[in-house]
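Colleague: turn this into a structure:
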Amino acid sequence: MDFLSIKDLDVNQIKKIMEFSSKIKENPDIFFDKLSKKNFVLIFQKPSNRTRVSFEVGINQMGGNVIHLGSTDIGFGEREPIKDIARVLSRYVDCIIARTYSHDDLILLKEFSSIPVINALSDLEHPCQALADIFTLQEKKLNLSSLKLAYLGDGNNVLNSLLFLCSKLGVSINMAIPEEYFPKKEVLSAANNFASESGSEIKLLSDPESAVKDADVLYTDVWISMGQEKEVDKRQNDFKNYQLNNKLVSLAKDNCLIMHCLPAHRGQEITDSVVESKNSIVFDQAENRLHVQKAILLWVLGEI
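Modeller: Model (predicted):
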């Protein structure tokens, strides 16, 4: 079983991963040997804090072994073709966890691998993050089917995965995004199809104040992602009115929750006071990456 996109999961599979995430978090010792004698390779083209550490710790806590391959270790797709890397690693390890610039590279890796491949982030999606985010909201005893989430900023990989997951689970989502940075049409089309089945509402807006009005959850992410460093000045100017600050928070519900997948550029997409506010759950999100990814690992290996 591979895990490249939220689109590939049905609602029952999502709920199963969430259920086991909760069990793992409540009783981690029960799962201490679930990955015994299993070997995992992390192929990371991009730097990582939460994703790498949570995967490595999660695997170690369940008795598995981890090998980390950074961007210069194997020259992913340069020193050696991806299809060759996939077939060689399939004979050594039990699962590949890849963090790549291109989602197409992940698809190629999956095509030639005979073992599960997990998307640890690509330019198209960040599915592990989205599952941890929604698990965190569920953990806060929120009713997902009546929830309104407002997202501000860039129509990026994190938003794509959130769109797919929210629309499948009935979470309504308002997006405030400059028109130039809207999500791709095919992403919006797929999310709207899922929403028509679940009953959620998806609204794409350009005005942040309209998006956050009466929202239960406010979510933002960095304006400049890895690989976009040359666009710093333009992006900072284009997104300057989309900062998640106290004024926008005051327009949402009084007990709204603040989310950010981190790392946060405090003073850009979000203010320090909002990150540190009593409504912020950004570090709960970060912690839950560990528990949810443990469940994902067990799921792709057929252990749950």
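Colleague: shaky segments in the stretch 151-300 of the chain?
Modeller: Scanning the stretch 151-300 of the chain for pLDDT under 70 picks out 226-227.
Colleague: can you pull out the strands in it?
Modeller: 172-176, 202-205, 217-220, 257-260 (DSSP state E, counting those that start in this stretch).
Colleague: have a look at this protein and report its longest helix.
Modeller: In the chain, assigned by DSSP state H, the helix with the most residues is helix 282-300.
Colleague: before we move on, the earlier item: ranking the strands of the stretch 151-300 of the chain by burial, who's on top?
Modeller: Ranked by mean neighbour count, those are led by strand 217-220 with a mean of 27 (mean count of other Cβ atoms under 10 Å). Bear in mind the C-beta positions are built from the backbone N, C-alpha and C, glycine included.
Colleague: check which helices and strands that strand is in contact with.
Modeller: strand 148-152, strand 257-260 (3 or more Cβ pairs under 8 Å, 6 or more residues apart in numbering; DSSP states H and E).
Colleague: and stretch 247-263, what's buried?
Modeller: 248-249, 251-253, 256-262 (16 or more other Cβ atoms under 10 Å).
Colleague: try stretch 1-14
Modeller: Per 16+ other Cβ under 10 Å, stretch 1-14 contains these buried residues: 2-7, 9, 14.
Colleague: and what of stretch 181-189?
Modeller: For stretch 181-189, by 16+ other Cβ under 10 Å, it's 181-183, 187-188.
Colleague: turn the buried residues of stretch 247-263 into a markdown table, including distance to residue 302.
Modeller: A markdown table is the format used below for the buried residues of stretch 247-263 (distance: Cβ to Cβ, whole Å):
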| residue | distance to residue 302 |
| --- | --- |
| 248 | 44 |
| 249 | 43 |
| 251 | 46 |
| 252 | 41 |
| 253 | 41 |
| 256 | 39 |
| 257 | 34 |
| 258 | 37 |
| 259 | 31 |
| 260 | 34 |
| 261 | 28 |
| 262 | 31 |
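Colleague: where along the stretch 101-250 of the chain do the helices fall?
Modeller: Counting by DSSP state H, counting those that start in this stretch, the stretch 101-250 of the chain has these helices, from start to end: 103-112, 127-139, 157-169, 185-198, 208-212, 232-238, 246-251.
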